[in-house]
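Enquirer: no FASTA, just this:
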């Protein structure tokens with residue numbers, strides 16, 4: 001081993017046979033219990049939902065939902081992105097997000113967005129590194145979590161002339 005900080009991280013799609021890994025991660029990472037619809041949307045998004053493995057251990061995930069935009073076009077909603085605490089800071093979250101941003105470009109999505117709790121400065125800083133901006137604030141978005149307000153954080157993609 002001993003090859004410096006070279007990290008062996010692989011991504012895998014979420015499907016019925018490994019859905020339990022996403023459920024277990026979410027239980028550890030987030031103070032919310034997700035509905036069956038969340039998991040159905042995650043599987044339906046195909047390449048936009050991925051599990052991250054570090055040396056064959058599932059340590060993170062990004063789960064997205066595809067949405068039709070008013071007036072046509074498609075956008076991606078990041079439902080969750082999380083990495084287990086001992087594995088943070090080594091590029092796993094960046095690899096997950098970069099994969100989804102790549103897919104957005106390849107599939108001509110017009111926008112990607114998510115909700116971030118207003119006091120989650122680490123997440124806001126993380127997304128800003130990737131060109132996301134705070135575009136709105138929603139009061140009382142979260143139930144049973146303080147603060148209950150969130151920011152809408154989004155990034156738009158230039159659409160090719162052929163798609164307009």
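Expert: Cool, the structure landed. From a predicted model like this one, the values you see are computed outputs, not experimental measurements.
Enquirer: when you work out contacts or count neighbours from here on, use the C-alpha atoms and nothing else.
Expert: OK.
Enquirer: scan the chain for its longest helix.
Expert: The helix spanning the most residues in the chain, taking DSSP state H as the definition, is helix 92-106.
Enquirer: run through who's touching that one.
Expert: Contacts to helix 92-106, defined as Cα atoms under 8 Å, 6 or more residues apart in numbering, come from residues 9, 11, 47-50, 52, 60-62, 76, 81-83, 110-112, 157.
Enquirer: for that helix, buried residues please.
Expert: In terms of neighbour count (16 or more other Cα atoms under 10 Å), helix 92-106 has its buried residues at 92-97, 99-101, 104.
Enquirer: name the surrounding residues that touch the helix or strand just after it.
Expert: Next along the chain after helix 92-106, taking DSSP states H and E as the criterion, comes strand 111-117. Outside strand 111-117, the residues within contact range by Cα under 8 Å, 6+ apart are 74-79, 104, 123-124, 147-157.
Enquirer: filter the residues you listed down to the ones in helices?
Expert: Assignment to helices by DSSP H places the following of the contacts of strand 111-117 there: 104, 123-124.
Enquirer: so which of these comes closest to residue 22?
Expert: residue 123 (19.8 Å; Cα to Cα).
Enquirer: quick one: the longest helix of the chain to strand 111-117, angle?
Expert: With axes from the mean of the first three to the mean of the last three Cα atoms, to 10 degrees defining the directions, helix 92-106 sits at 150 degrees from strand 111-117.
Enquirer: state the mean pLDDT of helix 92-106.
Expert: Confidence over helix 92-106 (mean pLDDT, whole number) is 97.
Enquirer: direction included, what does the longest strand along the chain pair up with?
Expert: Using DSSP state E to assign secondary structure, the strand with the most residues in the chain is strand 57-68. Strand 57-68 has these partner strands in its sheet, going by DSSP bridges: strand 50-54 (antiparallel), strand 74-83 (antiparallel).
Enquirer: now these as TSV including mean pLDDT, distance to residue 23 and mean neighbour count?
Expert: Putting the strands paired with strand 57-68 into TSV (pLDDT from 0 to 100; distance: least, Cα to Cα, whole Å; neighbours: other Cα atoms under 10 Å) gives the following:
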stretch	mean pLDDT	distance to residue 23	mean neighbour count
strand 50-54	97	11	21
strand 74-83	97	12	20
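Enquirer: any chance of those strands in CSV, with distance to residue 33 too?
Expert: Putting the strands paired with strand 57-68 into CSV (distance: least, Cα to Cα, whole Å) gives the following:
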stretch, distance to residue 33
strand 50-54, 18
strand 74-83, 12
